[in-house]
Each structure stands twice: as C-alpha cells, then as structure tokens.
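Undergrad: got a structure for you, letters missing:
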C-alpha cells in the first residue's frame, strides 16, 4: 500500500492506544467527634487525568517502523529550538468512516521507546510489537457528530436493529 508520508505509514502500524484514567485525591477534614468528611479537590480539570499515553505498534517491514520512531525520538531529544513536538490527534470513526470524536494532545514530550529484540524466529512465529510512551500537558476532546452524520436505522439490516 502506498502512503503519502512517513506519518501515515507509522499510523497504519498502530495496534492500540492506552488512554489514562481520571483520578482525584479527596482532601479529608475531621469534624465533631472525629467524623471525617471527604471533599472534591480544587485542581484544574486538566490535571486530574493521567498525563502518559502508551501507543502499541505492530513491528512490520523488518522493524522499519521501529527505526523510524527511533530516529524521530532522537531528533526530538536533540532539538533545542522546540520544547515540545507537534500535537497528536486520535479520531474515532463509525462504520461509515465518519468521525465520532477527536482527542488532541498538546505540549508532548516523548518519554520511552521500548527496546527491540532482533530475532528472526520471533517474527515468523508470533506477531511482534513495541510501545512508545509520551507525556502531554493539555488535551482537548471534540465531539464531531451532527444530525446529518448520525447512523440511520433504516439502512441497517433488521437483525442488527433488534440488538
């Protein structure tokens, strides 16, 4: 398959993205007779979401995508002009390939590219993959559905409508 650029090629090898969960620490205050009451914290909503994303890639084409990411990681590390890399966007699609929502990550720093085992037998027996972890400072979620793009039940087979 032909790709327009290297990023499209790398995107085609993504197997999964691990999005962090939301966690808050509740401050506790003691009142009469030792009763403790928990309260919501006063943190910025951007800071209650974990800030590390792990992207799992399928190792393909004799580990070509691994070495491309290795090169990108090194160039990012050595770049003294730019503190962060360009934003990443994840778009979820419906069965018609229309966007449902987009998650964008801003002020990204690459943190970890997992090691690679160059073993011919490993590639032939089972699928091989590796992880890239990055940290972000800000995220944004945009819902893309509008009434003209919402799935209509009229075009779906009757058996699926009953599920």
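TA: Noted; the coordinates are in hand. Small disclaimer: the values here were computed from a predicted structure and weren't measured. Numbering: from 1, shown residues only.

Undergrad: C-alpha from now on. contacts and neighbour counts both.
TA: Fine.

Undergrad: Give me the helix or strand of this protein that scores worst on average pLDDT.
TA: The helix or strand of the chain with the poorest confidence is helix 158-161; it has a mean of 50 (mean pLDDT, DSSP states H and E).

Undergrad: where in this protein is pLDDT low?
TA: 1, 119-126, 146-163 (pLDDT under 70).

Undergrad: Longest helix in it, by number of residues?
TA: When the chain is parsed with DSSP state H, its longest helix is helix 64-78.

Undergrad: which residues sit against that one?
TA: For helix 64-78, the surrounding residues in contact (Cα atoms under 8 Å, 6 or more residues apart in numbering) are 10, 13, 59, 84-85, 110, 113, 130.

Undergrad: Include neighbour count, distance to residue 39 and secondary structure when you put those residues into a markdown table, please.
TA: Shown next, in a markdown table, are the contacts of helix 64-78 (neighbours: other Cα atoms under 10 Å; distance: Cα to Cα, whole Å; DSSP: H, G, I helix; E, B strand; the rest coil):
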| residue | neighbour count | distance to residue 39 | secondary structure |
| --- | --- | --- | --- |
| 10 | 18 | 44 | helix |
| 13 | 15 | 44 | coil |
| 59 | 20 | 46 | coil |
| 84 | 18 | 35 | coil |
| 85 | 15 | 37 | strand |
| 110 | 19 | 35 | strand |
| 113 | 17 | 39 | strand |
| 130 | 18 | 41 | strand |
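
Undergrad: And those residues, which two are furthest apart?
TA: The largest separation in those, counting by Cα to Cα, is between 59 and 84 at 25.8 Å.

Undergrad: Could you tell me which residues make contact with residue 58?
TA: Neighbour list for residue 58: 13-15, 127-130 [criterion: Cα under 8 Å, 6+ apart].

Undergrad: What distance do you get for it to residue 72?
TA: When distance is defined by Cα to Cα, to the nearest Å, residue 58 is 17 Å away from residue 72.

Undergrad: what does residue 20 give?
TA: From residue 20 across to residue 72, the span is 23 Å (Cα to Cα).

Undergrad: And for residue 46?
TA: Look at residue 46 and residue 72: by Cα to Cα, they are 27 Å apart.

Undergrad: got it, and residue 42?
TA: On the measure of Cα to Cα, residue 42 and residue 72 end up 37 Å apart.
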